[in-house]
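*Asks:* Fold the following, please.
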Amino acid sequence: MSNGNHGFVPSRDGRRPPGRLAATTGAPGMIAALGCAAIAVGVLVASGTSPSSGSPAGPPHVAAVSAAGERGESGRPTRRVAVVGDSLVAFAEEEPVPPGDTPGRRFSALAAAAGWQATIRGVPGATSHDLLPLLAQAAVGADAVIVSAGSNEAAGLAHGEISRAAVAGWIGDALDALAPVPCVIWSTVVTAPNFYWGDPAAPRAVNRLLAAEAARHPNVHLVDWAASLDHHPGWFLPDGLHHSPEGSAAFVEQLGGAAAVCLTGASPARRAAP
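*Replies:* Reported below is the predicted structural model:
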């Protein structure tokens, strides 16, 4: 990208890989808490994929394993749910908090309340292409997989670093890898201009590609998170993409709610991409 302060998360050798974004201290008006954002999610980065290679880097962060083991309190088999995504997932689990406070672990709490056995992997700066190995792993034996990816693709498109054809291929590969999973929940990308793109054309293109690929996969259900910024600006930080604590809670609730509905055998409502 042309601006040196676009908030890329450094790779392990300290270089900034192209086309990657995360919450940044360089955004005008950014709250001071974001200064520790990359540090706060360091455990998840280390246990997810390497941002520079996209290859698995250690065991997953396993959360909210049902105390009843293979069967919940009702006697029904415990549902296996995986959450895989970019910084939006990472920050929902490891939000920047004052020293001594406990991170929200919102997806973990959701899984515990639902009685799911959950594996959660959040990798700041990751595209769907980077997440492909994790998605393939998550697909094995999962009843549902929740995905948050597309923002880094939108940033890359906006700055001419990747092509629409490449993004379409990445999304298609990801959904092909998830084909065995009964329920796949994927959130759309916010489209309003923000610190990472000034023109909504790029995120809208990503959402159209998501809708087109989802139409080929009957197990995929899109959650229209893109509409949230228009109706709830307080859910977002000043960079216009990452979430406030209220927004993070709503993000997890919407994605988790869609997964819960799908796991009952019903089909969550799928909205058209903006």
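
*Asks:* Would you map the helices across the stretch 51-200 of the chain?
*Replies:* Secondary structure of the stretch 51-200 of the chain (DSSP state H, counting those that start in this stretch): helices located at 87-93, 106-114, 132-139, 151-158, 164-177.

*Asks:* CSV please, covering those and showing mean neighbour count.
*Replies:* (Glycine included, C-beta is placed from N, CA and C.) Listed next are the helices of the stretch 51-200 of the chain as CSV, based on neighbours: other C-beta atoms under 10 Å:
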stretch, mean neighbour count
helix 87-93, 29
helix 106-114, 21
helix 132-139, 21
helix 151-158, 27
helix 164-177, 19
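
*Asks:* right, and those - which one's nearest residue 124?
*Replies:* helix 87-93 (3.8 Å; C-beta to C-beta).

*Asks:* counting contacts, what elements does the closest one pack onto?
*Replies:* Packing contacts for helix 87-93, counted by 3 or more C-beta pairs under 8 Å, 6 or more residues apart in numbering; DSSP states H and E, involve helix 37-40, helix 42-46, helix 106-114, strand 117-122, helix 245-263.

*Asks:* possible to save the helices of the stretch 51-200 of the chain as TSV with mean pLDDT and distance to residue 230?
*Replies:* Rendered in TSV, the data for the helices of the stretch 51-200 of the chain read as follows (pLDDT from 0 to 100; distance: least, C-beta to C-beta, whole Å):
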stretch	mean pLDDT	distance to residue 230
helix 87-93	93	18
helix 106-114	93	23
helix 132-139	97	29
helix 151-158	97	17
helix 164-177	97	23
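
*Asks:* Quick one, which of those gets closest to residue 188.
*Replies:* Nearest to residue 188 among those is helix 151-158; the distance by C-beta to C-beta comes to 10.2 Å.

*Asks:* on that earlier part again, tell me which of the helices of the stretch 51-200 of the chain lies nearest to residue 81.
*Replies:* Across these, residue 81 has its closest neighbour in helix 106-114 (6.3 Å, C-beta to C-beta).

*Asks:* CA atoms only: put that closest one into PDB for me.
*Replies:* The C-alpha trace of helix 106-114 is given here as PDB (Å, rounded to 0.1, in the frame of the first residue of the first chain):
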ATOM      1  CA  ARG A 106     -16.300 -13.900  23.500                       C
ATOM      2  CA  PHE A 107     -16.300 -16.800  21.100                       C
ATOM      3  CA  SER A 108     -15.200 -19.100  24.000                       C
ATOM      4  CA  ALA A 109     -18.000 -17.800  26.100                       C
ATOM      5  CA  LEU A 110     -20.500 -18.300  23.300                       C
ATOM      6  CA  ALA A 111     -19.300 -21.900  22.800                       C
ATOM      7  CA  ALA A 112     -19.500 -22.600  26.500                       C
ATOM      8  CA  ALA A 113     -23.000 -21.300  26.800                       C
ATOM      9  CA  ALA A 114     -24.100 -23.400  23.800                       C
END
